[in-house]
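# sequence first, then the predicted structure, then my questions.
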Amino acid sequence: MNIKKYNEIAEKNKPQKQVLKHTFNAFIVGGIIGMIGEFFLNFYQKIFSFSEKEATPIMLITLILIAAILTGLGIYDRLGDFAGAGSFIPITGFSNAMTSSALEARSEGLVTGIGANIFKLGGAVITFGIVASFIVGGLRYVITYFW
Amino acid sequence: MSSPISGSSFVFDNVYIQSVATTAGIVEYQGPLGHYFDKHYPDHYHHNVSYEQAEIEMLKDALLICLKNGKVKKEEIDFYFGGDLNNQLTACYYYANHLHRPFIGLYSACSTIGLALANASIMIENHNIHKAIACTVSHNATAERQFRYPLEYGIQRKETMTFTATGSVAVYLSNKPSSIRIESITLGKVIDYDQYDANDMGRAMAPAALDTYLQHMKDLKRDGTYYDLILTGDLSHYGKTIMKDLLKEENQKYNEYDDCGCLLYDVTQNVYQGGSGPVCNALVSFGYIYKMMLQGKYKRVLVLATGALLNPVMTNQKLSIPCVCHGYVLEVVV
C-alpha cells in the first residue's frame, strides 16, 4: 500500500475536530477570567483607593497567584483541557506554564530543577515578547519621528 | 530444538509461560479490566518522592509477584529482558542491580514486551537459557514529561491523542510445560509512512501493524481465521478503525479483532482515543487475555505489539515518525 492511499484511508476515519464547541468554551472561560480580572480591578480601586494604573498590576498579580494555586491543586490543567485558548491566552495561562514546569522539576532540586526548568515553556513567550516589543517599539519610534 | 527463521518469524515448540504478574496505576484499575490486575496503587506517586521512583517501584512489585507466582528465586533466572519509555531505560536499569543476574535492556517504545518476549523465547527454544523473565513498565507522568508537556500544563489535547498507561508487567518463561505457551513470534520491520504528528500515534503505527500481520501470515502460511482473536497493541480507537480498513483493503479475514488501547479504558474515562505505552498492550495481554485463555475463552491469540519510535527532538526537526510492530502468538497447551 502506498502512502497516498494510506493517507486517504486515515483521513476518512479521522475523528472530527469539535471547532464550534471548543470556540464556545474558550469564549466563555476567557470571558469569565476577564470578568474576574475586572472585578479585582474595581475591588482594589474601591477598597484601597488605588488609581486604575496602580490597581492594574495588583490585579494581574492576584490572577497569577490564583492560577498558580489552581495549577498546584491540579485544577488548571483540567480547565485548560476544557477551555483551550480561553484559559491559555490570558496571563493565567502564562502563570500555569511556569508553575507546571516548576512542579515537574521539583524532584530535581531547587537550582538544577526548578531554577533551570521554570521557563521551559514560558521562555518562548518571553523571548518572542521581547522581540515583538522591540520591533513594534522601533516602528513606533520611526513613525512618530516623521509624523 | 532450534527453529530456523522463516521470513521474519520463528515457531517454537518448548517455550512456556510459567507465571505472569501485572501491576496497574489508579486510572487503569478504574477501567473495565481493573480487577484482573494483581496489584494497583492508590495514586501516581505510590508513596515515593517522584514519578520516576514510583515507576521503579511498579517494576519491582511486578517482578517480585511474578517470581513468587512462578515459585522461583530471582537468582535462578538466567536472563531478564525488559525496557521502558524513559531515556537510558531508567526504570529498568535502576532496579536491575537488585536482580543479581544479567539484565538485557531493550527499547522498542510501546512494543517493548514483544521484543523482550521474542528475545527470551528464541534463547529458551535454542536451549541457550532455561529460565527468563520478560518485563516492561511505563508511567503516564514520566512519559508525558519526556515526550509531551508538564503534567499540570493546561493545554487542550488533540482529539487524536492517546493516554500512556501506568503499570508494569513481568512474564516468566521457561521450557517446562505449562498451560499456555508462546507458539511463534514475528519480528517487525521499521516502517515509516511519512506521518509527522506526534499527537497521532494510532495513525503513524497502523501501517507497521499491518506489515507485521501480513508478514506473519505469509511466513507461517496461515490466515487470520487461524486465530480466535487478533489484538493490536495501542492503536487506540482511531488507529483501530484505520487498521480494520487496512485489513479489509488487503482482503484479510479474521474471527475477532480488537485493540488493547480500547480495551484497557472505559469510554467515560478522560483518555482521549484510548491507551498507549509499552504496558498498555502487556496489561491487556497478560492481565486479561491470559486469564481468559486459562478459562478457555480463547485458544490462539495473535498479539501485534505496536510501537512509535519517535524522539521529540527529531519531531521538532520535522522528521517523520518511524514505527515498528512485533507479533507474538499465545496458545493454550492441549
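Looks like it came in fine.
# ok, which stretches of chain B are strands?
B:9-11, B:16-24, B:39-40, B:79-83, B:103-105, B:131-138, B:163-164, B:167-174, B:180-186, B:229-232, B:257-259, B:275-276, B:300-308, B:323-332 (DSSP state E).
# in the first one, what's buried?
Going back to what we said before, that points to strand B:9-11. Under the neighbour-count criterion of 16 or more other C-beta atoms under 10 Å in any protein chain shown, strand B:9-11 has B:9-10 buried. Where you see a C-beta, it was placed from the backbone N, CA and C, and this is true even at glycine.
# need the contact partners of it.
B:3, B:118, B:121-122, B:125, B:183-187, B:215-216, B:219-220 (C-beta atoms under 8 Å, 6 or more residues apart in numbering or on different chains).
# what residues does chain A put near chain B?
A:1, A:3, A:6, A:9-10, A:12-18, A:22, A:71-72, A:74, A:76-85, A:87-88, A:93, A:96-97, A:99-101, A:103-104, A:107, A:120-121 (C-beta under 8 Å from any C-beta of the partner chain).
# only whichever of those are buried, select them in ChimeraX.
Per 16+ other C-beta under 10 Å, the buried members of the residues of chain A next to chain B correspond to this ChimeraX selection:
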select /A:6,9,10,13,15,22,71,76,77,79,80,81,82,83,84,85,87,88,93,96,97,99,100,101,103,104,120,121
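# now, which of the residues of chain A next to chain B lie within helices?
A:3, A:6, A:9-10, A:12-13, A:22, A:71-72, A:76-83, A:85, A:87-88, A:93, A:96-97, A:99-101, A:103-104 (DSSP state H).
# tell me how many other residues surround B:Val313.
For B:Val313, the number of neighbouring residues by other C-beta atoms under 10 Å in any protein chain shown comes to 8.
# so for A:Pro15, what's the pLDDT?
The model reports A:Pro15 with a pLDDT of 88.
# wait, isn't it in contact with B:Lys240?
No: between A:Pro15 and B:Lys240 there is no contact, the gap being 11.7 Å when judged by C-beta atoms under 8 Å.
# where does chain A get nearest to chain B, residue-wise?
A:Gly80 (2.2 Å; C-beta to the nearest C-beta).
# tell me the pLDDT of the nearest residue to that residue once chain neighbours are set aside.
Counting by C-beta to C-beta, 6 or more residues apart in numbering or on different chains, A:Gly80 lies nearest to B:Gly154, which is 2.2 Å off, once chain neighbours are set aside. Predicted confidence (pLDDT) for B:Gly154: 85.
# likewise B:Val271?
Reading off the model, B:Val271 has pLDDT 87.
# and if you look at the one 10 residues further on?
Model confidence at B:Asn281, given as pLDDT, is 94.
# can you check B:Leu85 too?
94.
# what does A:Ile47 give?
On the pLDDT scale, A:Ile47 gets 92.
# what's the burial count for it?
9.
# for the stretch 51-200 of chain B, give the residue positioned nearest to chain A.
B:Gly154 (2.2 Å).
# ok, the stretch 201-334 of chain B next?
For the stretch 201-334 of chain B, C-beta to the nearest C-beta, closest residue to chain A: B:Thr241, 4.3 Å.
# mind listing what residue 31 touches?
By default, I'm working from chain A. By C-beta under 8 Å, 6+ apart, A:Gly31 lies in contact with A:Gly86.
# my question was about chain B, not that one.
Taking C-beta under 8 Å, 6+ apart, we find B:Gly31 in contact with B:264-266, B:269.
# show me the contacts for the closest residue to the residue of the stretch 201-334 of chain B closest to chain A other than its chain neighbours.
Spatial nearest neighbour of B:Thr241, chain neighbours left out: A:Asn13 (4.3 Å); criterion: C-beta to C-beta, 6+ apart. By C-beta under 8 Å, 6+ apart, the residues touching A:Asn13 are B:238, B:241-242, B:245.
# redo the residues you listed as CSV? Include pLDDT and neighbour count.
Formatted as CSV, the contacts of A:Asn13 follow (pLDDT from 0 to 100; neighbours: other C-beta atoms under 10 Å in any protein chain shown):
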residue, pLDDT, neighbour count
B:Tyr238, 94, 27
B:Thr241, 94, 20
B:Ile242, 94, 25
B:Asp245, 94, 18
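# just the C-alphas of stretch B:21-32, formatted as CSV.
Output in CSV follows, covering the C-alpha atoms of stretch B:21-32 (Å, rounded to 0.1, in the frame of the first residue of the first chain):
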residue,chain,number,x,y,z
ALA,B,21,2.3,-10.5,37.1
THR,B,22,0.6,-7.2,36.4
THR,B,23,0.6,-4.0,38.4
ALA,B,24,-1.5,-1.1,37.4
GLY,B,25,-2.0,2.6,38.2
ILE,B,26,-5.2,4.0,39.5
VAL,B,27,-6.7,5.0,36.2
GLU,B,28,-6.1,1.5,34.8
TYR,B,29,-7.6,0.0,37.9
GLN,B,30,-10.7,2.1,37.5
GLY,B,31,-11.0,0.8,33.9
PRO,B,32,-13.1,-2.2,32.8
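# can you pull the buried residues of that stretch?
Quick answer for stretch B:21-32 (16+ other C-beta under 10 Å): B:21-25, B:27-29, B:31.
# just those now: which is nearest chain A?
B:Val27 (13.7 Å).
# contact partners for B:Leu117?
B:81, B:134, B:171, B:173, B:182, B:185, B:328.
# for PyMOL, what selects the buried ones among the residues you listed?
Those of those that count as buried under 16+ other C-beta under 10 Å are selected in PyMOL with:
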select buried, chain B and resi 81+134+171+173+182+185+328
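# for the contacts of B:Leu117, which one is nearest B:His46?
B:His46 lies nearest to B:Val171 out of those, by C-beta to C-beta, at 21.7 Å.
# wait, that closest one sits on B:Val15?
No: B:Val171 is beyond contact range of B:Val15, at 10.8 Å (criterion: C-beta under 8 Å).
# quick one, grab the pLDDT at residue 6.
No chain specified, so I'll use chain A. 92.
# ah, I was thinking of chain B
Model confidence at B:Ser6 (pLDDT) stands at 84.
# quick check: closest non-adjacent residue to it.
Nearest one to B:Ser6, counting by C-beta to C-beta, 6+ apart, is B:Asp219 at 4.8 Å.
# pull the contacting residues for residue 82.
By default, I'm working from chain A. A:25, A:29, B:156.
# actually, chain B is the one I wanted.
B:59, B:92, B:103-106, B:112, B:116, B:133-137, B:170.
# how about a cut-off of 7 Å?
Shown in contact with B:Gly82 (C-beta atoms under 7 Å, 6 or more residues apart in numbering or on different chains): B:92, B:105-106, B:116, B:134-136.
# most neighbours among those residues, please name it.
Top of the contacts of B:Gly82 by neighbour count (other C-beta under 10 Å): B:Thr136, with 37 neighbours.
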